[in-house]
Structure formats: structure tokens, C-alpha cells
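Visitor: Provide a 3D model corresponding to the input given below.
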Amino acid sequence: MKNGWDGFSTATQLFSLSSGRMLRADRDESWAASKETRGLLYLKRDEFFREMRARLGAGVERWRDLVERNEALIETIEREIDRCQELEQRARTEEFANQMPERIETKTRKIAELESRNETLEERIASAERWLRR
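Guide: Numbering: from 1, shown residues only. Alright, predicted model coming up:
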């Protein structure tokens, strides 16, 4: 049997002296238990949201760090592209000069990927900050 039904059986239900109506004392006891339960639920809910805010705040900081690292990496790659263009112009052999556009294209794709990641991260940050302001 379920908890709370230990003292009941079919015989107990058939031969109960109670009319089945809730008395004032029963109602007051039930109401007090309900208020206590509701209070505990509110405390648990507040604790849950406090933890969520803390985790989300930490996530926002981590995402900001990633955006900064990506931006630094983009600057580095842009300098590498400039260097590759210089090497292409000053190349002594045509074979070496022909390799540079491919390298530049690869680096340009990497920059596009990093910028796309940054956009996604910035959207996440904005969404999280809106949620944290509630």
C-alpha cells in the first residue's frame, strides 16, 4: 500500500465511525500543511533559480572570454594574411606564389568561421543577459 494508508484496510473502510465529512480542525490542519508545503516549494524554487542565475552568469563570462579570444585570433590571422600577400608579391618562384592564394583562402574561411561563432556567442550572451535581468 502507499504511504499514509498503512492503517487502512477494506475492513477499516467498511466499519469506520467517521461520517467522511471534514471537520473544522481537519480543515485547519490541512490548510496549515498546505501552507507549509507551499512555503517549502517557494524556497526550493528560489534556490533553484539562484543556482541557475549563478551558472548562467558564469556561462556568460566564459562566452565573453571566448569572444575575446576569437577576436584576438582573427587579428592574428589577418596579420598572417597580410604576410602571405607580401610573400606572394615578393615570391622568387611561381610555384611558391601559386601556393599563397590557397593559404589566404584557407585563412579567410577560418576568419569567417570565427566571426560566425562570435555572432552565435553574442546572441547567447544577449539572451542570457535578458533572462538574468528578469
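Visitor: At the geometric centre of this protein, which residue sits there?
Guide: residue 56 (5.9 Å; C-alpha atoms, centre = their mean).
Visitor: so what secondary structure elements neighbour the longest helix belonging to the chain?
Guide: In the chain, with assignment by DSSP state H, the single longest helix is helix 24-89. Helix 24-89 sits against helix 94-133, with contacts defined as 3 or more C-beta pairs under 8 Å, 6 or more residues apart in numbering; DSSP states H and E. C-betas here are computed from N, CA, C, even on glycine.
Visitor: which strands and helices sit next to the helix it packs on?
Guide: Partner elements for helix 94-133 (3+ C-beta pairs under 8 Å, 6+ apart): helix 24-89.
Visitor: report the angle between the axes of the helix it packs on and helix 94-133?
Guide: Angle, helix 24-89 to helix 94-133, by axes from the mean of the first three to the mean of the last three C-alpha atoms, to 10 degrees: 160 degrees.
Visitor: Please compute how far helix 24-89 lies from its chain's middle.
Guide: 5 Å (C-alpha atoms, centre = their mean, to the nearest Å).
Visitor: tell me the mean pLDDT over that helix?
Guide: Averaged across helix 24-89, the pLDDT comes to 94.
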